[in-house]
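**Student:** sequence and predicted model, in that order:
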Amino acid sequence: MKTTQSLILGMMVSAALLATSCSEDFLNVEKPDGEPLEEYYNSKEHIEEAVIAAYDPIHWHDWGLNQYNAYNIDSEIMGDDFWVGGANYQDMLHWHMLGNFEATADQTLSTLWTIDYSGVKRCNDALKYLTWVELDPSYETSCEMQVRGLRVFYYNNLWHLFGNVPFYLENLTASTNYTAPQLKADEVYELLINELEEVIDSKVLPMKWDDNNAGRVSQAMVIMMYAEMVTYQNDTQRFSKALSYLKDQLIGQGKYTLYPDFRGIWLTEGEWCSESIWEINYDQTQSERDWGSGLAIGGMVIPTLISPNDWHNGDGWAEDGNQDGWGFLPMRLRTLQMYDANDTRIAGTVWDVRGTEYTLRDADTHLWLFKYRPFDVNNANGTSSKNLNYANNYRVYRYAEALLYAAELSLRASNGNAADAVKYVNEVRARAGITQLSSVTLDDVFTERHKELVGEGKRYFDLVRAEFMTDNQVSSANKATGVLVPAQDEGVVGSQRTNAWKPTKKYIPIYQAELDSDPALVQNEDYFK
């Protein structure tokens, strides 16, 4: 289902300006006509603008500040399912270096840092403006909980990748020299997880928004973040609470079900389907996004990034010759080979173009990710550059993942039981059309997550967190040290992996310009060991 959600329009709101974490300029915000903020944010209409503006940076990661930092690609290039690809090793050099575990302070996810702190800043703004005007209490608390949950989302991205990051819940001022204290990863986690508990326990947000509000932070979305963060932190003390949130609320309320056709999830009609918990909306009919205006309203660039170069083979794409693929993220053959032959997820995961001819790029395997593959129908009505404006929504959380988190926690939490784990895993496997299991281990759950979530930005973090688990250890096939090793796939020409992952690689380097702007900011030096 594709609707024109209000959150698409957030990309047009100019009430909040682009922010960086340590610069002074972004703090001096005024309306373009010079009207003082206190006089502008004095109505529900203008508060809603601030709330929508807080959502805006979620659209920027794929290509907002002239560096491609799509959520899924940033982690998948460090995982075991794809090669980096592109023209050569120098093309998107920071991806190649991250994928080979040799990133530097100059070759890292620099704009992701800026984008997520822009989101934090806008959330802080919206929460401040909420206190300036008397609103209907239910509307006010809804806005507050949405924005607090959204702020955790931005910090969650930073925490997963950089770990030790500056943290603030009120925007920076001259009295602090426009800098914030850099907290250890464990400290950041504790603050964020407490924030999530307050949002969840308030029960203010709906479990699922209506169609006109699809894309807003919901109760289900924050519960998914909670499960994601608790398991990544290996916070055994909160496993029971995470399981209760999933079982009693997200699963128990019956608002979500698995979509029967796995392939269909990834087509236009699958957007905001029965399985979708949270998506980032992109649109082609209002596409102002173009070269030089990456923050403008429009579609996404991921389908262009991860598709074959110089394609003239039809299959629903590039029929008019105005689109092109850039050849990033070719899928490894081993990824296809891990599935049972009759697993219906293959059709919705692997775009297999072996036997066709096109211009090969680096590490090309003729296997591509179906989930975000390009279709002409997804940018047929675009009014600007087609390569940058595919109307594919980005799927962040799905109900299948909720079931698999519940299965994992049923094995690990004190209030869980193995029978529930079997039930949840088999529900996912039934949709895939494969054999039901009579018993389930934690390794089985991780393997099922692998097959279900290929290309969705989950696998790398699963491999990493498995390294730090103290209970119910998984096999080497689901651990970073077991699979993130030097590899050269037979028959593949181009840049592959020559270095192995080590536990010191958990947190990637902070961009040098950020270090230069704040002398108190400390680099993740362990990465270089």
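**Tutor:** Structure's in. What do you need? Remember, predicted model here, so these are calculated numbers, not experimental data.
**Student:** which SSE is Met469 in?
**Tutor:** Counting by DSSP states H and E, no helix or strand carries Met469.
**Student:** so it is in contact with Asn234, correct?
**Tutor:** Yes - in this structure, Met469 is within contact of Asn234 by C-beta atoms under 8 Å, at 5.6 Å. For glycine as for every other residue, the C-beta is placed from the backbone atoms N, C-alpha and C.
**Student:** got the buried residues for the longest helix anywhere in the chain?
**Tutor:** What stands out as the longest helix in the chain, according to DSSP state H, is helix 137-162. The neighbour-count check on helix 137-162 (16 or more other C-beta atoms under 10 Å) flags 140, 142-162 as buried.
**Student:** measure the residue nearest the centre of the chain to Ala413 for me?
**Tutor:** In the chain, the residue lying closest to the centroid (C-alpha atoms, centre = their mean) is Tyr71, at 4.0 Å. Look at Tyr71 and Ala413: by C-beta to C-beta, to the nearest Å, they are 27 Å apart.
**Student:** packing partners for the host helix or strand of Asp516?
**Tutor:** Taking DSSP H and E as the definition, Asp516 sits inside helix 512-517. Helix 512-517 sits against helix 110-130, with contacts defined as 3 or more C-beta pairs under 8 Å, 6 or more residues apart in numbering; DSSP states H and E.
**Student:** the helix it packs on vs helix 137-162, what angle?
**Tutor:** For helix 110-130 against helix 137-162, the angle by axes from the mean of the first three to the mean of the last three C-alpha atoms, to 10 degrees is 160 degrees.
**Student:** pull the distance from helix 110-130 to the chain's centre.
**Tutor:** 16 Å (C-alpha atoms, centre = their mean, to the nearest Å).
**Student:** list the buried residues in that helix.
**Tutor:** Within helix 110-130, the residues that count as buried by 16+ other C-beta under 10 Å are 110-127, 129-130.
**Student:** ramachandran coordinates for His59?
**Tutor:** phi -90, psi -10 (degrees, to the nearest 10).
**Student:** tell me how many other residues surround it.
**Tutor:** Using other C-beta atoms under 10 Å, His59 is surrounded by 27 other residues.
**Student:** now it: how far from Gly294?
**Tutor:** On the measure of C-beta to C-beta, His59 and Gly294 end up 10 Å apart.
**Student:** which parts of the stretch 251-400 of the chain are helices?
**Tutor:** 262-265, 302-305, 333-337, 345-349, 399-412 (DSSP state H, counting those that start in this stretch).
**Student:** and Asp320, what's its pLDDT?
**Tutor:** pLDDT for Asp320: 81.
**Student:** how is the chain divided into domains?
**Tutor:** As given by automatic domain parsing, the domain ranges for the chain are 6-217+504-528, 218-281+394-492.
**Student:** any idea which helix or strand comes after the lowest-mean-pLDDT helix or strand in the chain?
**Tutor:** Using mean pLDDT, DSSP states H and E, the weakest-scoring helix or strand in the chain turns out to be helix 37-40, at a mean of 90. Once the chain leaves helix 37-40, the next helix or strand it forms, by DSSP H and E, is helix 44-55.
**Student:** what packs against that next one?
**Tutor:** In terms of contacts (3+ C-beta pairs under 8 Å, 6+ apart), helix 44-55 is packed against helix 110-130, helix 137-162.
**Student:** what angle separates the shortest one from helix 44-55?
**Tutor:** Helix 110-130 and helix 44-55 meet at an angle of 160 degrees, taking the same axes, to 10 degrees as the criterion.
**Student:** of the helices and strands packed on helix 44-55, which is nearest Asn381?
**Tutor:** Asn381 sits nearest to helix 110-130 of all those, at 26.9 Å, using C-beta to C-beta.
**Student:** what packs against that closest one?
**Tutor:** helix 44-55, helix 137-162, helix 512-517.
**Student:** I'd like these laid out as a markdown table, including distance to Tyr282 and mean pLDDT.
**Tutor:** Listed next are the helices and strands packed on helix 110-130 as a markdown table, based on distance: least, C-beta to C-beta, whole Å; pLDDT from 0 to 100:
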| stretch | distance to Tyr282 | mean pLDDT |
| --- | --- | --- |
| helix 44-55 | 13 | 97 |
| helix 137-162 | 17 | 99 |
| helix 512-517 | 28 | 97 |
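**Student:** how about the ones you listed in TSV, adding distance to Val353?
**Tutor:** Listed next are those as TSV, based on distance: least, C-beta to C-beta, whole Å:
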stretch	distance to Val353
helix 44-55	36
helix 137-162	31
helix 512-517	39
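**Student:** wait, which of the ones you listed is closest to Glu357?
**Tutor:** That would be helix 137-162 among these, by C-beta to C-beta, at 37.6 Å.
**Student:** for the closest one, packing partners?
**Tutor:** helix 44-55, helix 71-76, helix 110-130, helix 185-202, helix 219-233.
**Student:** now those as JSON lines including distance to Asp340?
**Tutor:** JSON lines is the format used below for the helices and strands packed on helix 137-162 (distance: least, C-beta to C-beta, whole Å):
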{"stretch": "helix 44-55", "distance to Asp340": "39"}
{"stretch": "helix 71-76", "distance to Asp340": "22"}
{"stretch": "helix 110-130", "distance to Asp340": "36"}
{"stretch": "helix 185-202", "distance to Asp340": "36"}
{"stretch": "helix 219-233", "distance to Asp340": "26"}
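**Student:** Leu329: which of those is closest?
**Tutor:** Nearest to Leu329 among those is helix 71-76; the distance by C-beta to C-beta comes to 6.0 Å.
**Student:** which SSE is immediately downstream of that closest one?
**Tutor:** Using DSSP H and E, the helix or strand that follows helix 71-76 in sequence is helix 93-99.
**Student:** so which elements touch that following helix?
**Tutor:** Applying 3+ C-beta pairs under 8 Å, 6+ apart, we find helix 93-99 packed against helix 71-76.
**Student:** for the helix it packs on, name the packing helices and strands.
**Tutor:** Judged by 3+ C-beta pairs under 8 Å, 6+ apart, the packing partners of helix 71-76 are helix 93-99, helix 137-162, helix 302-305, strand 394-398, helix 459-467.
**Student:** nearest approach to Arg334 belongs to which of those?
**Tutor:** Nearest of those to Arg334, taken as C-beta to C-beta: helix 459-467 at 12.4 Å.
**Student:** just to revisit the earlier point, I'd like the helices of the stretch 251-400 of the chain as a markdown table, with mean pLDDT, distance to Leu246 and mean neighbour count appended.
**Tutor:** Shown next, in a markdown table, are the helices of the stretch 251-400 of the chain (pLDDT from 0 to 100; distance: least, C-beta to C-beta, whole Å; neighbours: other C-beta atoms under 10 Å):
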| stretch | mean pLDDT | distance to Leu246 | mean neighbour count |
| --- | --- | --- | --- |
| helix 262-265 | 99 | 20 | 20 |
| helix 302-305 | 98 | 28 | 26 |
| helix 333-337 | 98 | 28 | 15 |
| helix 345-349 | 99 | 22 | 21 |
| helix 399-412 | 99 | 4 | 25 |
